[in-house]
Structure formats: C-alpha cells, structure tokens
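Asks: Quick one: sequence plus predicted model below, questions after.
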Protein chains: 2
Amino acid sequence: MTNPTAAMLVIGDEILSGRTRDANMHYLAGEAIKHGIRMAEVRIVPDRQDRIVAALNALRTDYDIVFTSGGIGPTHDDITADAVAAAFGVGIGVREDARALLAEYCARMGRDLNEARLRMARIPDGATLIANPISAAPGFVIGNVHVMAGVPSVFQAMVAGVLPTLAGGDPLMSQTLCVERPEGDIAGELRGLAARFDDLSIGSYPFSRDGVYGTNIVIRGSDGARIDAAMAELCALFPEAMA
Amino acid sequence: MTNPTAAMLVIGDEILSGRTRDANMHYLAGEAIKHGIRMAEVRIVPDRQDRIVAALNALRTDYDIVFTSGGIGPTHDDITADAVAAAFGVGIGVREDARALLAEYCARMGRDLNEARLRMARIPDGATLIANPISAAPGFVIGNVHVMAGVPSVFQAMVAGVLPTLAGGDPLMSQTLCVERPEGDIAGELRGLAARFDDLSIGSYPFSRDGVYGTNIVIRGSDGARIDAAMAELCALFPEAMA
C-alpha cells in the first residue's frame, strides 16, 4: 500500500456529553480519502491536558498524519495548543505573525484584541500556521500533527487549505452494488468473493426500507482494474442487483 | 465523583471511509449521561482484529464500562465477537440459547438459518446475552464490555435494555445561558467564574446566526445547588442573556 495512514483526535467535552454531534470526523474522512489518505483511527477525548497529550502521543507515533479538531478558541476550556506543546515537549507563546492576523481581523470587525483573544495567537515553538479564512485565529502544524478548529465552517476551510499540502497516495476508489436480499442470505457468496480478492476491502451494509430487507455491498481499493474485476464477479453472483 | 466512567469503541471501515456518518456515539452519550454515566473517551477502529483487540484492552482497563457498536452481523467483515474473545483470551462457539433465538426469528421471517446466520450465535465463553428485539441476533456482555450492533435501530434497542442493568451515579445535570456576544468578549469573565466553581464543568460554545455572533455557556455537574449558584453568578455577569 502506498497510501499514507491518518488518525484524527476530536477534542471536546461537548461531544462526549452528547450536547453536540460531531460533524468534522465524517467530513474529514470523506475529503481525505479523495486525496488518497486513509483514515485509520479516530479518538474523542475531553478538554483535559493529560488525556489530550496521551492520545496525541499515541496517534502521532502510530500513523503518518494526525488531524485534531477543537479547543483552539479564546476561553478557559480551550487548552489544545498548550496540550500539543506539552506533547511535543516544546515551549509556547504569543507569536507575532499570529497576533498580526488577529489584530487585522479585530480591527475589521470592531472588536477588542483583549487578553482572551490574544490566547489564540499562542503557538507552540517550531509550528507552521494554518490559515483561517473565516475568523482569522490560525491553526498550526507541528511535526505530523495538524491542529484545527472545532467550529465546522472553520474546520472545513482549514481542511481545504491543508490537504493540498500533504503527499497523498493512489486515489482510493469504491463501487457499490445494492442487492435486495437480506445480508444473511448472501453472506456465503460474499465470503468467497472476499477471499478471492483479498487485496480489496469488501464491506456489507444491511438496510431495511419499506419492508424490503437489502444489502449494500461496497468494494474499495486503489487498483481500478481489480475493483472492476471484483464488481463483474459480484454482478454475476447477483444478476438482479442494482449497481 | 461517584459517576462511573464509560468509553465507547465504534468498529467499522464504513465510518472511517466517510461512507457512513456514525449516529450511535451521539445517541449513547446522551442516554448514558441521563443515567449518571459519563462518556470519557471514544475510539473508532477498522474491521481488523489486531486493532479491535488493542483498543478494547486499553479501554476496558482504563474505564469502568465499555460499549462497542458494529461488526456482529453474518458476513465475512463481521469479526467483533472473535476479536472480543481474543481480547479476553477465552474461547468462542455457537451457543444454544443464541441459536434458539435466531432459529425462532428465521422461522418467523421465512429465512434459512444457514451457516452465515449461525455465525451470529457465536458468543465468547462466559458472556451474557443482550436482547435484540428488532432482529434477534443478540449482543453480549463479557467483563465490563457491552457488545452491541452497529445498525442504529438495533443499537438503540440494545442500549435501552442495557442501561437499566448498570449502576449509574449521581444524575449529571446542565444549564445553558445564551449570550449574544462573541466568545472573545466574555472569555475573561468566564475564566473567573470557572475558577470559582472548579467543581463544575463550564463550557463555552460560539455560534453565528443571521450575522449575530454569540456564545452558549453550558454549566455541568452533579450538584444541583452548585449549578444554580454558578448560573446565578453567570446571569448577573450577563443580565441581557437568555437562559
């Protein structure tokens, strides 16, 4: 496999309490895969430095690329930048280029660049800024870790800026066949197919709709010819199905 | 704190590929907190035994209760039961009570209890079944790990059966104040409040709606009188806000 592996760390009590339904993980997974980057693991942790540091140090060791979301705002519960600095064992302080971005934005919006907002210019030593075209406060990259905002509109704008800077891999493709038979009826045939195409990922997702039990079969991989071959066998097994 | 801590392990390539947006984590977090159980960490891993085993063994050691979703169907990519048995170092095989549940359901639905469906009766040694009132194939409990389906309707039915069997804790309550000021304007006051009420969790969530920048402030804890006291101070700080 030539596809880099990625992990995501979602930071925020509001996700774990059930108050907010995370939207960033699903968005990033879909964008990354178009860029040839496979999401291999996700963790969600609360706004606690020890928990952020432990998860980040595990993920940045185990995977090629790490993305984080959440915890880079101006309030007391925004502790991600400090936690990332601690995880890397580097210092952190207000940086002039980040302060200038915030000052320009505050002047334009008629806001005060107060002590709380200046916290958003605190960047771990050695990091590179990630542009925030929505609300100025930057994200940053340190090592293989890409630190981004939790607000979905800002997160998405940062992802759009970051992904083109990353070396992707072979594009990951998928084809889907929808069979109107319950999963348990077709599992035997699928197992045989998966064994013959063990270089591909063949997933099986049951559904019921208007009283009909069916199965979506998804074939994923980076070799288009192999996917086509598996799809041809699959269609021959279930000639009544809809691609 | 007398509240048990919980973690969730979401198992499935379809979540990590961006094909499916997970709904179970958000649902469980909201239900668990009503029962006094705090969700403390979530991990999402692919359909690979080594990755499931590693995540499960970490989570079941670190937290009081673990919930899993996904990977207990009839197809080749449903490997959760085997992975859980491996994590606990116990055997696994078709169990008579689980087989009877499936046989009754298949007879009622006019389906064949074939080899693939019988896989759903494979239960790790020593586990207790979790009822599935939707489609019969049971989940199970082993140690502190509760293994449930990935299909949301089935997952929710299993959660409804499982939560009353768990010792909860003090009910976790929250109150929210909506202030129509940007987060950066009010962060200083919030920091002071959070320091005075460090036994509570005070979260700050910015929004923009119709050109208005505002902040939802959420106070969480298990001591209602303390939450009331913090809320009174908060309302005094921002008399124009809406509770």
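Replies: Yes, it's here.
Asks: what's the helix or strand for residue A:15?
Replies: According to DSSP states H and E, residue A:15 maps onto helix A:13-16.
Asks: Can you mark which positions in the helix or strand that that helix is followed by are buried?
Replies: Using DSSP H and E, the next helix or strand after helix A:13-16 towards the C-terminus is helix A:24-34. Neighbour counts using 16 or more other CB atoms under 10 Å in any protein chain shown place A:24, A:25, A:26, A:27, A:28, A:29, A:31, A:32, A:33 of helix A:24-34 among the buried residues. The C-beta positions use only the backbone N, C-alpha and C, and glycine is treated the same way.
Asks: same check, this time on stretch A:96-112
Replies: Residues A:98, A:99, A:101, A:102, A:105, A:106 are the ones in stretch A:96-112 that count as buried (16+ other CB under 10 Å).
Asks: before we move on, back to that, intersect the buried residues of helix A:24-34 with the contacts of chain B.
Replies: Among the buried residues of helix A:24-34, the residues lying close to chain B (CB under 8 Å from any CB of the partner chain) are A:25, A:26, A:27, A:28, A:29, A:31, A:32, A:33.
Asks: Hmm, the fifth one is touching residue A:39, no?
Replies: By that I understand residue A:29. Yes - Residue A:29 lies in contact with residue A:39 (CB atoms under 8 Å); the separation is 4.5 Å.
Asks: returning to that earlier point: possible to save the buried residues of helix A:24-34 as CSV with pLDDT?
Replies: Shown next, in CSV, are those (pLDDT from 0 to 100):
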residue, pLDDT
A:24, 98
A:25, 98
A:26, 97
A:27, 98
A:28, 98
A:29, 96
A:31, 95
A:32, 95
A:33, 92
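Asks: in chain A, which spans are strands?
Replies: Ranges of strands within chain A are A:5-11, A:38-45, A:65-69, A:92-94, A:122-124, A:128-130, A:139-142, A:145-148, A:173-179, A:201-209, A:212-221, based on DSSP state E.
Asks: Show me what the fifth one is packed up against.
Replies: Taking 3 or more CB pairs under 8 Å, 6 or more residues apart in numbering or on different chains; DSSP states H and E as the contact definition, the neighbouring helices and strands of strand A:122-124 are helix A:80-88, strand A:92-94, strand A:139-142.
Asks: which stretch among the ones you listed comes nearest residue B:210?
Replies: Closest of the helices and strands packed on strand A:122-124 to residue B:210 is strand A:139-142, at 26.6 Å (criterion: CB to CB).
Asks: partner strands of that closest one, parallel or antiparallel?
Replies: Take DSSP bridges as the rule and strand A:139-142 pairs in its sheet with strand A:128-130 (antiparallel), strand A:145-148 (antiparallel).
Asks: Can I get that strand in PDB, CA atoms only?
Replies: What follows is strand A:139-142, C-alpha atoms only, in PDB (Å, rounded to 0.1, in the frame of the first residue of the first chain):
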ATOM      1  CA  GLY A 139      -4.500  26.500  13.300                       C
ATOM      2  CA  PHE A 140      -1.000  25.100  13.100                       C
ATOM      3  CA  VAL A 141       1.200  22.200  12.000                       C
ATOM      4  CA  ILE A 142       3.900  20.700  14.200                       C
END
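Asks: before we move on, back to that, how about a markdown table for the strands of chain A, with mean neighbour count and mean pLDDT added?
Replies: Conversion of those to a markdown table gives the following (neighbours: other CB atoms under 10 Å in any protein chain shown; pLDDT from 0 to 100):
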| stretch | mean neighbour count | mean pLDDT |
| --- | --- | --- |
| strand A:5-11 | 25 | 97 |
| strand A:38-45 | 25 | 97 |
| strand A:65-69 | 27 | 98 |
| strand A:92-94 | 13 | 98 |
| strand A:122-124 | 22 | 98 |
| strand A:128-130 | 15 | 98 |
| strand A:139-142 | 21 | 98 |
| strand A:145-148 | 26 | 98 |
| strand A:173-179 | 16 | 94 |
| strand A:201-209 | 18 | 92 |
| strand A:212-221 | 20 | 94 |
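Asks: Of those, which is nearest residue B:187?
Replies: Set against residue B:187 and scored by CB to CB, the strands of chain A come closest in strand A:122-124, at 13.3 Å.
Asks: Which residues does the closest residue to residue A:82 other than its chain neighbours form beta bridges with?
Replies: Excluding the flanking residues, the one nearest residue A:82 by CB to CB, 6 or more residues apart in numbering or on different chains is residue A:92, at 6.0 Å. Per DSSP bridges, residues listed as beta-bridge partners of residue A:92: residue A:124.
Asks: For residue A:125, see how far away residue A:92 is.
Replies: According to CB to CB, to the nearest Å, residue A:92 stands 7 Å off from residue A:125.
Asks: Need the overlap of contacts for the two.
Replies: Common contacts of residue A:92 and residue A:125, defined by CB atoms under 8 Å, 6 or more residues apart in numbering or on different chains, comprise residue A:85.
Asks: what pLDDT does residue A:72 get?
Replies: Per-residue confidence for residue A:72 comes out at a pLDDT of 97.
Asks: Residue A:1 now?
Replies: According to the prediction, residue A:1 has pLDDT 49.
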